[in-house]
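> Kindly generate the corresponding structure for this input.
(chains A and B)
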Amino acid sequence: MNVFPADARFDFFGKRYFAYALSAALLLVAVGSLATKGLNLGLDFTGGVVIELGYPGGADIDAVRETLDAQGFDQAVAQLFGSSESVMIRLPPTDDSHGRLADELLIAMQSETDDVEMRRVEYVGPAVGKELFNAGGLALLVVLAGILVYVGFRFQVRLAGGAILALAHDLVVVLGIVSLLGLRFDLTVLAAFLALAGYSINDTIVVFDRIRENFQKMRKGTEKEVMNASVNQTMSRTVITSGTTFLTALALFVFGGEALYGFSLTLLLGIAIGTFSSIYVASAVSLDMGLKRQDLLKIDDKERLKQAEDSAP
Amino acid sequence: MNRYPLWKNLIVVVVVLVGLFYALPNFFGEEPALQISKRDGGMEQAALSEAQSALRAAGIEYSRADLQDDSGLIRFNSTDDQLEAVDVVRAALGGDYPVALNLAPAAPTWLTDLGALPMYLGLDLRGGVHFLMQVDMGAAVNTALDRRVDGMRADLRGERLRYVSAEVTDEQRIQVRFRDAESRDQAIDQLTADYEDLEFDSAEIDGEPYLTATMTEEGVETERRAALEQNITTLRNRVNELGVAEPLIQQQGDSRIVVELPGIQDTVRAKEILGATATLEFRLVHGSPADWVDADESGSVPPQARLYQRRDGGPVLLKRQVIVTGDRVTGASSGFDQDSGSPAVFVNLDSQGARRMADITGDNIGQQMGVVFIENRIDTKVDEDGKLSEEKKLVEEVINVATIRDQLANRFQITGLDSSQEARDLSLLLRAGALRAPMDIVEERTVGPSLGAENIQAGVNAAILGFVLVSIFMMIYYRVFGVIAVVALVTNLILIVAVLSMLQATLTLPGIAGIVLTVGMAVDANVLIFERIREELRNGMTPHAAMKAGYERAFGTILDANITTLLAALALFAFGTGPVKGFAVTLSIGILASVFTAVMLSRALANLVYGRQARLKGLSI
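Here you go, the predicted structure:
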């Protein structure tokens, strides 16, 4: 059984300009959304208070809102969270936001309804939020730099360039979709992004590995032909691995509950985009950056090739 | 022919067996228990036996009671028994033995004795509260300067060098004003030798001779470290007083402390106890009630006194000189005043404090003494430009003014408290020691027990579904080799659980997500190998050669692909906090384990199935 015909000779790179156009469109939408709509930053990064309350037997969301108003929390936003028995109340960081605010809110709500259950309280000070955001951004940069160095060292600088562009492409596009969907960007979503960085590069490396091998093995054929063959040969693996990873991310999406909703959705999006980009962006960009057969040959292979060229004419 | 040398097979078998052994405790679950410790440490068997007999007398069944490390653990069959038991044990042992509700691993002793413990569940899975506290280092330095000024006043008086005033300014500088430049210069000579961590300077302010002193950088650094250390120690004591099982108190960065209290629900009370910098000062009263009102209304306070407000209303003047501070308290308990029946705190002082208290009260019988209750609070604010500012609120109230009837020594009582709850809190705070610097909670995450249980369920369900889906696919697609991949996957999961248990790393919800994701990614290595084998078969290789080539050629790719993912996971670990760190840990362990299971274990299994067949016609792949 095969998910992809074993003897396929599909011309991936001949059609790369369509792929570039698609990528460009995706990037445009993503950047546009990020510029106009921005990210819906979660409590982890903005600071503020989030309280999740359980109302056994169902919550009356209007009554909750009235209580909030009556108790003077007029900036609070209340909404049902996951089920009709769970209410999430968010308070933005305000002038007097401090550790006690969450307690005051909780006590106010509990004094109104008897059997309300505290499910979760989160308070993040504004300074801490800013730090977490910076640390997250730094982590992302370190990951990108580390991968650039590693791929440049193990493969070749043009391939590393392609890999990094592909990776940046994936992250920006997924970030754009997250922004477009208004998904709350919190620490777990950030973790999903970093996991995606690892996953997307993993996918790319496998294709690169085959490209390197084929350049050394296939003495005939243009760069484009060799790369086409490589992508064709690794296609089954790409589809299967993406498929199994997608399946597990889907399991998280279905069963992971509200806590992992953003995390798993980001992964699902990222896996789809990452698979596309490791074929089209990473390899195609390397090709257009002028990747040559010589770049990937071992030193003694290079010498032999040179001798052959010298004696040829 | 494909055969592994014996040593390779042995490695595979040993790793799998060790993995199974360490993963085993996780399958026994947890049982409700009470954890009993002793206030000063050193829990003894006698107390445990006493608790046991009290439980027998009350007719409450328990399954096991043992003494381990610094605490006793009594296990119960049900949570109802446990909840009933807690009051019984508390009543039997008294206040010196904090009793905490706990969940103890239900694994049999032979496993735990060998160091095989279940994974440590994070707060998002077991419920509890996480605090991140910022230590106010500015205040720490100020307090240190205050202490130096007190010392300087005494030194200058001792040397008969007359000064007009000595105080700490807002810019963290000590300023001492003298009548003439000559005595100032003498004072500088004298003090420079005694205070090594201060830099002295002379200055003229409004034509008056002043001595100024600031703390050296080293001094500030020492003070900061000391503040952090003492705060951590104090927090430990306070948490022990609260009776929390398995608390975590840890330094983070150079000015923050993480406190994690599993199972705590009443965060309001926890915060009051942890964050309170409440302490006491004992000072002699200055002047008469008429003087107090005068000073309050005119605003001119005599130089040797300070104006305070009383809790029950009205001003009071107390002498600047402190008799004894809360640091000198060695013990404190709450109760009721025998005469009035109002809530009281009984205080014990250490020898130095007792001596000072005895000296001063002995000289001042008939005079009045005030008890100052000091509480420090900081609010962080954000202004319109998004800039941060901190507002410090210092609550200093005189809770009690009483006439000294007799010389006080190392044990006395304080009254004037609002309620018996306040008396209890104050005695707890005094017992646990004062915080050296006030702290502000900058992050709080509380998870209720029901949400914790739901999170575990959600994670486990997702893991099972992901595993089943991937397994079915692999077995249909790769047949015999698919079964091999599934066995490798199961082993991979066992190894992850085993390593997490061995490291006693914290398992969080994102951590479970990491494990689930690993399931999807771990088969990748096997997919790479199997696709390669198929390819080599198509290219006309014999089954044995194809198997060998598939495993060997795919290895380089697997290594490259996994190292890059590992890079990402390590960055996550380095920069992430809390749950995200847990995700990074499981992801890293998952990657390492998957390389082992997908390459070595699956090869060993494939060799086992096909390796000995000399005339192998084909592979079921």
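> who's in contact with the closest residue to A:A8 other than its chain neighbours?
If the residues on either side of it in the chain are set aside, A:A8 comes closest to A:N232, at 5.0 Å by CB to CB, 6 or more residues apart in numbering or on different chains. Bear in mind the C-beta positions are built from the backbone N, C-alpha and C, glycine included. Going by CB atoms under 8 Å, 6 or more residues apart in numbering or on different chains, A:N232 touches A:8-10, A:12.
> got the phi/psi numbers for B:F28?
Dihedral pair for B:F28: phi -90, psi -10, per degrees, to the nearest 10.
> Quick check on the contacts of A:N232: which are buried?
Buried by 16 or more other CB atoms under 10 Å in any protein chain shown: A:F12, out of those.
> Helix, strand or coil: sort out the residue nearest to A:A8 for me.
helix (DSSP: H, G, I helix; E, B strand; the rest coil).
> Same list, the contacts of A:N232, but as CSV with pLDDT and secondary structure please.
Conversion of the contacts of A:N232 to CSV gives the following (pLDDT from 0 to 100; DSSP: H, G, I helix; E, B strand; the rest coil):
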residue, pLDDT, secondary structure
A:A8, 81, coil
A:R9, 84, coil
A:F10, 84, coil
A:F12, 86, coil
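> Out of the contacts of A:N232, which comes closest to A:A168?
Distance to A:A168, by CB to CB, is smallest for A:F12 among the contacts of A:N232, at 21.0 Å.
> Might one say that that closest one is in contact with A:I279?
Yes: between A:F12 and A:I279 there is a contact at 6.2 Å, judged by CB atoms under 8 Å.
> quick one: common contacting residues for the two?
Jointly contacting A:F12 and A:I279 under the rule CB under 8 Å, 6+ apart are A:V231.
> Only C-alpha atoms, please: export stretch B:26-34 in CSV.
In CSV, the C-alpha atoms belonging to stretch B:26-34 read as follows (Å, rounded to 0.1, in the frame of the first residue of the first chain):
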residue,chain,number,x,y,z
ASN,B,26,2.8,5.4,38.2
PHE,B,27,0.2,2.7,37.6
PHE,B,28,-0.6,2.3,41.3
GLY,B,29,-2.1,5.8,41.6
GLU,B,30,-2.3,7.7,44.9
GLU,B,31,-4.1,7.3,48.2
PRO,B,32,-5.2,9.9,50.7
ALA,B,33,-2.8,10.4,53.6
LEU,B,34,-1.9,12.7,56.4
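> mind listing what's buried in it?
B:26, B:31-34.
> Reformat the residues you listed as TSV; add pLDDT.
Shown next, in TSV, are the buried residues of stretch B:26-34 (pLDDT from 0 to 100):
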residue	pLDDT
B:N26	89
B:E31	85
B:P32	84
B:A33	86
B:L34	86
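> Output the below-cut-off pLDDT ranges for the stretch 351-500 of chain B.
Within the stretch 351-500 of chain B, the ranges that satisfy pLDDT under 70 run B:375-394, B:434.
> got the residue ranges for the helices in it?
With helices called from DSSP state H, counting those that start in this stretch, the stretch 351-500 of chain B shows them at B:351-363, B:420-432, B:449-503.
> nearest to B:E61, of those?
Closest of these to B:E61 is helix B:449-503, at 23.3 Å (criterion: CB to CB).
> which one of the helices of the stretch 351-500 of chain B lies closest to B:L537?
B:L537 sits nearest to helix B:449-503 of all those, at 11.7 Å, using CB to CB.
> What helices and strands are in contact with the helix or strand A:Q110 falls within?
Using DSSP states H and E, A:Q110 sits in helix A:99-112. Helix A:99-112 is packed against strand A:48-54, helix A:61-70, strand A:83-91, strand A:117-124, helix B:267-275, strand B:439-447, with contacts defined by 3 or more CB pairs under 8 Å, 6 or more residues apart in numbering or on different chains; DSSP states H and E.
> does A:L250 really touch A:L265, like I thought?
No: shown here, A:L250 and A:L265 do not form a contact pair, counting by CB under 8 Å, at 10.3 Å.
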